[in-house]
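K.L.:
no sequence for this one, just the structure:
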DNA sequence: TTTAGCACTCATTTGATAGGAGTGCTAATT
DNA sequence: AATTAGCACTCCTATCAAATGAGTGCTAAA
């Protein structure tokens, strides 16, 4: 479906104006603000047509028009112009990320903070995960009697370690043997494969150390799951209250309810195209409760491998151009920050 | 200041009723619901007296009474009866904590979740910190060329480890030597002492490894700071929207603004008496913006050492008895859970 | 000392009205 | 054939007065 030029201009005017003011847009205000060189009456005619196609609608008979979900989609796909961040804003972002942060959690906090400074939407992101990371080596290092360190090294260079208690009758030789077996079974496997399969084989092989191996495998599982778990972080809850749609407390409650269920946000992130900025408008988000929201998402990477996704959630009347620019830029900065050095 | 019995009964009725309904309490409703054996007129007289002392006030001339900050304080100190959690609720808590959680972050999540199930107030807690934990031993373990693991063991049994990159020209002997020196200087010192002092001495002693030692000290600092940082966790933001005081969006904004500034919450936790459940009402919280809120806090411990504090924040019209019970019980469960085993 | 009774206050609800923004349609204009 | 001026019509919103009712304070009687 494609519209003639003037219809597009009218639609664009309606979308832009409504995004800005949150109010229905009247034919007169379009004639005034956007120089289309025609009278309100003409615009009204066009509006009637646009409404028939379903791109805009009227909240009630004597009101102006607001874009429909379809209208926003048309706008995003065909009319929207890309925007840029100001140099000031870019500087701001650099400044936030500039602090030497060595811990993953801090970088995530920086990200949330940066986005919150740039938009009044909800920010959420799935923490880096390494489902496909491949295990390079396992080490068990005895720290003192009854206490050892389990170290898991991955191909990507990430190292995970966790302390654990040992039965007192385990000797250094035992540990060395266990380490050998574990490496034999697990080396070269991806994290997913490890948790799914081979566990049983190992268990049998190391039968005589049952108590210890149980413990070790349990801890390995914890570590791996920790690593593979796509942690979800959320921010901007205060900011979004500035959006006029949330001057009604009921709407706020609904929104809070929606984001309270983590899987809602997870789904949005998972449904995103990993290779480009994705825009989901209203019912395009696969969740009944989300029919009034829109989400803009983009993936971020470490050294080129996609490891997580960042998203903005806001009312359907979202500044899509802005949101896309922000999401794109931030994921890029985030990727760089993560790729720069090895983290814990 | 002490009141005669009937005044106390009236005050108690007003507080309880207002906590329940969030509405001003009339003399008639007291006469009806609480059998004081007197007429509304008598109660009105008592109310006039109570108002004069400043324990209650009238929102406007023809309205009932609501407790004042002083009134709540009197109630909490002298009238309030302790409540108990139902066995059902206790079971619920057990269930939430029962899942095998090995990671600190998970336990915190459990805590937030449990409290959110039990009350409709904001929950927040300062994560366990170990300012006074004493360093037992440092180990540097080479994993592969250019990569080593820095392990910090504390007297409490907690073990922290972090991977780091090494200059390629460092030998195993070098590392052993560095380890020796570090232990020599740091062993037996508390984490606070380590970050504050001795760093310089070490730096001089290990001058010839400057590049490496810089790196190691930096990482040590990160680890220790991570450990000492009183992390702040927050939950229940949705739940508190159920409180009728937050059916006005402006109030919500103010509240969000208040909790957005972490130091506000930090201050509340720091001001708490570590040895008992603390109740701060209205202006007793040292923050201008908090004059309409109340907070109930209690500390939790690991093996008897206090390591953090948990708090509830709500409107002044808070169910103090309930809040205190919940806070007390949860901190206890949390302490047990944390003391049970060694975590990462 | 208590309480019935009543006048008084003031927030809230209700209903009616006016105003205004905006549309849709028709007929005139270009 | 396309545009537009003009006007009737719709429906939301603001305003105001009046009614309502909850609750008090005070006085006088019990």
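P.N.:
Now that the structure is in, tell me what you want to look at. Computed from a predicted structure; not experimentally measured.
K.L.:
how about the nearest residue to residue A:326, chain neighbours excluded?
P.N.:
Nearest non-adjacent residue to residue A:326, counting by Cβ to Cβ, 6 or more residues apart in numbering or on different chains: residue A:118, 4.9 Å away. The C-beta positions use only the backbone N, C-alpha and C, and glycine is treated the same way.
K.L.:
residue contacts, the one you found?
P.N.:
By Cβ atoms under 8 Å, 6 or more residues apart in numbering or on different chains, the contact set of residue A:118 is A:85, A:89, A:92, A:93, A:326, A:330.
K.L.:
which secondary structure state is assigned to the last one?
P.N.:
At residue A:330 the chain is in helix, as set by DSSP: H, G, I helix; E, B strand; the rest coil.
K.L.:
need the outlier residue of chain A, farthest from its centre.
P.N.:
residue A:169 (47.2 Å; Cα atoms, centre = their mean).
K.L.:
in three-state terms, label that one for me.
P.N.:
Here residue A:169 is coil, with the state taken from three-state DSSP.
K.L.:
any idea of the pLDDT on it?
P.N.:
In this model, residue A:169 is scored at 77, pLDDT.
K.L.:
equivalent analysis for residue A:38, please.
P.N.:
Confidence score, pLDDT, at residue A:38: 95.
K.L.:
report how many residues lie close to it.
P.N.:
Using other Cβ atoms under 10 Å in any protein chain shown, residue A:38 is surrounded by 16 other residues.
K.L.:
same for the helix or strand where residue A:20 lies, what does it pack against?
P.N.:
For residue A:20, the host element (DSSP states H and E) is helix A:5-21. Packing partners of helix A:5-21 (3 or more Cβ pairs under 8 Å, 6 or more residues apart in numbering or on different chains; DSSP states H and E): helix A:27-33, helix A:40-53, strand A:66-67, helix A:69-74.
K.L.:
contacting residues around the residue farthest from the centre of chain A?
P.N.:
Listed by Cβ under 8 Å, 6+ apart, the contact set of residue A:169 is empty.
K.L.:
and the gap between it and residue B:157?
P.N.:
Distance from residue A:169 to residue B:157, counting by Cβ to Cβ, to the nearest Å: 20 Å.
K.L.:
enumerate the residues of the stretch 1-150 of chain A near DNA strand D.
P.N.:
Contact residues, the stretch 1-150 of chain A versus DNA strand D (Cβ under 7 Å from any atom of the strand): A:37, A:38, A:39, A:41, A:42, A:45, A:60, A:61, A:62, A:63.
K.L.:
doesn't the second one lie inside a helix?
P.N.:
Meaning residue A:38. No: counting by three-state DSSP, one finds residue A:38 to be coil, located in no helix.
K.L.:
so residue A:84 touches residue A:325, yeah?
P.N.:
Yes: contact criterion Cβ atoms under 8 Å: residue A:84 and residue A:325 qualify, at 6.6 Å.
K.L.:
more crowded one of the two?
P.N.:
residue A:325 (20 against 10).
K.L.:
number of residues surrounding the nearest residue to the more buried one once chain neighbours are set aside?
P.N.:
Distances taken as Cβ to Cβ, 6+ apart put residue A:83 closest to residue A:325, at 5.0 Å, once the chain neighbours are dropped. Other residues within reach of residue A:83, judged by other Cβ under 10 Å, total 14.
K.L.:
and the pLDDT for residue A:83?
P.N.:
Per-residue pLDDT puts residue A:83 at 97.
K.L.:
for it, helix, strand, or coil?
P.N.:
Residue A:83 carries the three-state label coil when classified by three-state DSSP.
K.L.:
and the next element down the chain from the host helix or strand of residue A:95?
P.N.:
Following DSSP H and E, one finds residue A:95 within helix A:87-98. Where DSSP H and E defines the elements, the next helix or strand beyond helix A:87-98 is helix A:104-118.
K.L.:
what about that next one, distance to the chain center?
P.N.:
A distance of 12 Å separates the centroid of the chain from that of helix A:104-118, by Cα atoms, centre = their mean, to the nearest Å.
K.L.:
list the buried residues in that helix.
P.N.:
For helix A:104-118, the neighbour count (16 or more other Cβ atoms under 10 Å in any protein chain shown) marks A:105, A:107, A:108, A:110, A:111, A:112, A:113, A:114, A:115, A:116, A:118 as buried.
K.L.:
min pLDDT across the residues you listed, which one?
P.N.:
Among the buried residues of helix A:104-118, pLDDT bottoms out at residue A:105, giving 79.
K.L.:
any idea how far residue B:330 is from that residue?
P.N.:
Distance from residue A:105 to residue B:330, by Cβ to Cβ: 24 Å.
K.L.:
try residue A:225
P.N.:
Applying Cβ to Cβ, the value for residue A:225 to residue B:330 is 26 Å.
K.L.:
got it, and residue A:218?
P.N.:
Residue A:218 is 27 Å from residue B:330, by Cβ to Cβ.
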